[in-house]
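1. dropping the sequence and predicted coords here.
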Amino acid sequence: MKKLINTADSVVEDALNGMVAAHPSLRLRDRVVYRAEGPRRGKVGVVSGGGSGHEPLHAGFVGHGMLDAACPGEIFTSPVPDQIMEATQAVDGGAGVLHIIKNYTGDVLNFEMAAELVEDVEVASVLVDDDVAVQDSLYTAGRRGTGATLFVEKIAGALAEEGAPLAEVAAVAREVDERSRSFGIALTSCTTPAAGKPLFDLPETDVELGIGIHGEPGRARVPMRPARELAALAAEAVHGDLPLRDDVLVMVNGMGGTPLMELYVVFAEVAAFVRGKGARVTRSLVGNYVTSLDMQGFSLSVCRLDDRLTRLWDAPVETPALRWGR
Amino acid sequence: MDTALCLAWFEEAARLVHRDRDRLTALDAAIGDGDHGANLDRGLTEVGKALAESPPGSPAETLLTVGTTLIRRVGGASGPLYGSLFRQMGRTLGSPATLAAFASAFDEGVVAVERLGKAALGDKTMIDALVPASRALSLAVRDGVGVLQAVEQAARAAQEGAEATIPMQARKGRASYLGERSIGHMDPGASSSALFMEALAAVVRRAGAGAA
């Protein structure tokens, strides 16, 4: 498998160096990506992080109206407590810091350990667990955090930018998570630089339903079919868990290796599905935002909006990967 | 157990994990995200560096350094979980580090892993290898068997525990997302736990059955 890398061991570091070189609004220090301007007095700091390989998540969302810092781990591996501690202390403007954590055992453990070790900073945390492909139960690790992480980071980041206190920022983050659901479908597996070959075998004739964002296999494998039917499968899975009604934010997210043209094909089908259920797509996003290296496929994420969430979604944002209104 | 034996344990564990890196990664690729072998290999390399930089003066200090390094350097779930195992052992291991003291500290370490990972026997995790190993050590202490026999029984129990995860459906960790499709694969964490116990048995065997 050909990859544009120097070595498999240096790929995360090399990519981060390129990212800050391309975006003067960012700073990189000890494996943490910060806003160049530093913390603002009285503003809640918003920190996220997770394994690399999901670019632009999370570092691509550092900037005005979204994250204050992102802690990238190795590929598909959570960051370590030292990074998270450093980031938390560095972005605190005296109003506390919100940790936005995708619900994976490793991410949860490392963020928990960091929160315990941080001194003199009030820390709140929110778990993102939007993936309906995983059955939720008290006895399991629960649902995964996937596409809705972007919604949580955008909306919590907007409220923090307005100067809201930590408890309110954390509450809106939880509200967005509760109102959001996702479902992913893969046409191919993905190839980590270290492994050099696809993480699982998926024949030309089949697709995986209910995939996560780490190349882990999905819940079921079915024969390939037209985009209309795949979009309906994803939309039905989401709608079956959280009925679509009123105003809906819809993201059709590419997994990294899918042409934008195909994502628009899927979006048209999803939009028709939503209308068919009597709901309205009032906000939308189509593109590669929460990816799984070079995987082909898409994930559908929806969030049921109200006026306040719509206003916060529309609020100005200026990050490498998401920018409007400023 | 003296400091030299404890250091040898982690050297041997690093060697075995490096040797089995691809096998662990393949196990993880089947039901997880395919990074367990690489992460643990990287973590134990860091452990080797840390132990060389500031040589510990006791088995307890060795275990504390190992645990702290794994927590700070590995990431993922295995870093904090293995880190807590060894750090808790280091906190509780009395002096002299007799077999009984070691077995008791190991049990405390396993309890710390259970608490942190919120996992229990049968969830298809490293607990399924660690708990049988801990029980084997406790039984060996009760029965008054020799050190070599005790750690060999623990290594065997861990390996059997790892193999017993094959038919299980995962309830914790990333394999739990697969539901029934996690059945039929050995848990990579249970398998690496068995390697740690195999490493312990190997260094005790090498040191001679009399060393404790």
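-> Now that the structure is in, tell me what you want to look at. Numbering: from 1, shown residues only, chains lettered A, B, ... in the order given.
2. who in chain B is up against chain A?
-> B:25, B:29-35, B:38-39, B:42, B:71-81, B:116-117, B:171-174, B:176-179, B:181 (CB under 8 Å from any CB of the partner chain). For glycine as for every other residue, the C-beta is placed from the backbone atoms N, C-alpha and C.
3. hmm, try it at 7 Å
-> For chain B, the residues found near chain A under the criterion CB under 7 Å from any CB of the partner chain are B:25, B:29, B:32-35, B:38-39, B:71-73, B:75-77, B:79-80, B:116-117, B:171-174, B:176-179, B:181.
4. so what's residue 81 up against?
-> Answering for chain A, as no chain was given. Residues in contact with residue A:81 (CB atoms under 7 Å, 6 or more residues apart in numbering or on different chains) are A:110, A:113-114, A:117, B:71-72.
5. let's do chain B instead
-> Residue B:81 neighbours (CB under 7 Å, 6+ apart): B:113, B:116-117, B:126.
6. quick check, pLDDT for it.
-> Per-residue pLDDT puts residue B:81 at 94.
7. how about the helix or strand hosting it: buried residues?
-> Using DSSP states H and E, residue B:81 maps to helix B:78-92. Under the neighbour-count criterion of 16 or more other CB atoms under 10 Å in any protein chain shown, helix B:78-92 has B:78-90, B:92 buried.
8. returning to what we had before: state the pair within the contacts of residue B:81 that is farthest apart.
-> B:116 and B:126 (11.2 Å; CB to CB).
9. of those two, which one has the most company?
-> residue B:126 (33 against 20; other CB atoms under 10 Å in any protein chain shown).
10. which of the residues of chain B next to chain A fall in helices?
-> Applying DSSP state H to those, the entries found in helices are B:25, B:29, B:38-39, B:71-73, B:79-80, B:116-117.
11. from those residues, which two are the most distant?
-> The distance between the two most remote of these (CB to CB) is 26.0 Å, for B:29 and B:72.
12. higher neighbour count, those two?
-> Ranked by neighbour count (other CB under 10 Å), residue B:29 and residue B:72 place residue B:29 first, with 25 against 20.
13. so that one touches residue A:198, yeah?
-> No. The criterion here is CB atoms under 7 Å, and residue B:29 misses it with residue A:198 at 9.1 Å.
14. wait, is residue A:14 part of a helix?
-> Yes. Under DSSP: H, G, I helix; E, B strand; the rest coil, residue A:14 falls within a helix.
15. can you give me the pLDDT of the nearest residue to it once chain neighbours are set aside?
-> Leaving aside its sequence neighbours, residue A:14 sits nearest to residue A:6 (CB to CB, 6 or more residues apart in numbering or on different chains; 5.8 Å). Per-residue confidence at residue A:6 stands at 96 (pLDDT).
16. now do the SS call for residue A:6.
-> Residue A:6 ends up coil, using three-state DSSP.
17. repeat for the one 5 residues further on
-> Recorded secondary structure, residue A:11: helix (three-state DSSP).
18. for residue A:132, see how far away it is.
-> 32 Å (CB to CB, to the nearest Å).
19. show me what from chain A comes close to chain B.
-> A:73-74, A:76-82, A:104-106, A:109-110, A:113, A:134-135, A:139-141, A:144, A:192, A:194-195, A:199-200, A:212, A:214-217, A:219.
20. got the phi and psi for residue B:167?
-> phi -80, psi 0 (degrees, to the nearest 10).
21. so it makes contact with residue B:185?
-> No. Residue B:167 is beyond contact range of residue B:185, at 9.7 Å (criterion: CB under 7 Å).
22. the closest residue to residue A:102 other than its chain neighbours: what's it in contact with?
-> Nearest residue to residue A:102, sequence neighbours excluded (CB to CB, 6+ apart): residue A:145, at 2.9 Å. Residue A:145 is in contact with A:102-104, A:127-130, counting by CB under 7 Å, 6+ apart.
23. if we go to 10 Å?
-> For residue A:145, the contact set (CB atoms under 10 Å, 6 or more residues apart in numbering or on different chains) comprises A:48, A:50, A:100-104, A:107-108, A:126-131, A:152, A:177, A:182, A:212-213, A:290.
24. by average pLDDT, which secondary structure element in chain A comes out worst?
-> Least confident element among the helices and strands of chain A, by mean pLDDT, DSSP states H and E: helix A:105-117 (a mean of 90).
25. mind giving me the packing neighbours of that one?
-> The contact analysis (3 or more CB pairs under 10 Å, 6 or more residues apart in numbering or on different chains; DSSP states H and E) places helix A:105-117 against strand A:45-52, strand A:69-75, helix A:81-91, strand A:97-102, strand A:123-128, helix B:59-73, helix B:78-92, helix B:99-117.
26. pull it out as PDB, backbone CA atoms only.
-> Taking Å, rounded to 0.1, in the frame of the first residue of the first chain, the C-alpha atoms of helix A:105-117 are listed here in PDB:
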ATOM      1  CA  THR A 105     -12.600   2.900  27.000                       C
ATOM      2  CA  GLY A 106      -9.100   4.300  26.300                       C
ATOM      3  CA  ASP A 107     -10.200   7.900  25.800                       C
ATOM      4  CA  VAL A 108     -12.300   7.800  28.900                       C
ATOM      5  CA  LEU A 109      -9.600   6.300  31.100                       C
ATOM      6  CA  ASN A 110      -6.900   8.800  29.900                       C
ATOM      7  CA  PHE A 111      -9.100  11.900  30.300                       C
ATOM      8  CA  GLU A 112     -10.300  10.700  33.700                       C
ATOM      9  CA  MET A 113      -6.700  10.200  34.900                       C
ATOM     10  CA  ALA A 114      -5.800  13.700  33.500                       C
ATOM     11  CA  ALA A 115      -8.700  15.300  35.200                       C
ATOM     12  CA  GLU A 116      -7.700  13.800  38.500                       C
ATOM     13  CA  LEU A 117      -4.100  15.100  38.100                       C
END
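27. and that helix, how far out from the chain middle?
-> 18 Å (CA atoms, centre = their mean, to the nearest Å).
28. same question for stretch B:136-148.
-> Distance, centroid of stretch B:136-148 to centroid of chain: 18 Å (CA atoms, centre = their mean).
29. same check on stretch A:269-282?
-> 23 Å.
30. cool, stretch A:238-257 as well?
-> Taking mean C-alpha positions (CA atoms, centre = their mean), stretch A:238-257 and its chain are 14 Å apart.
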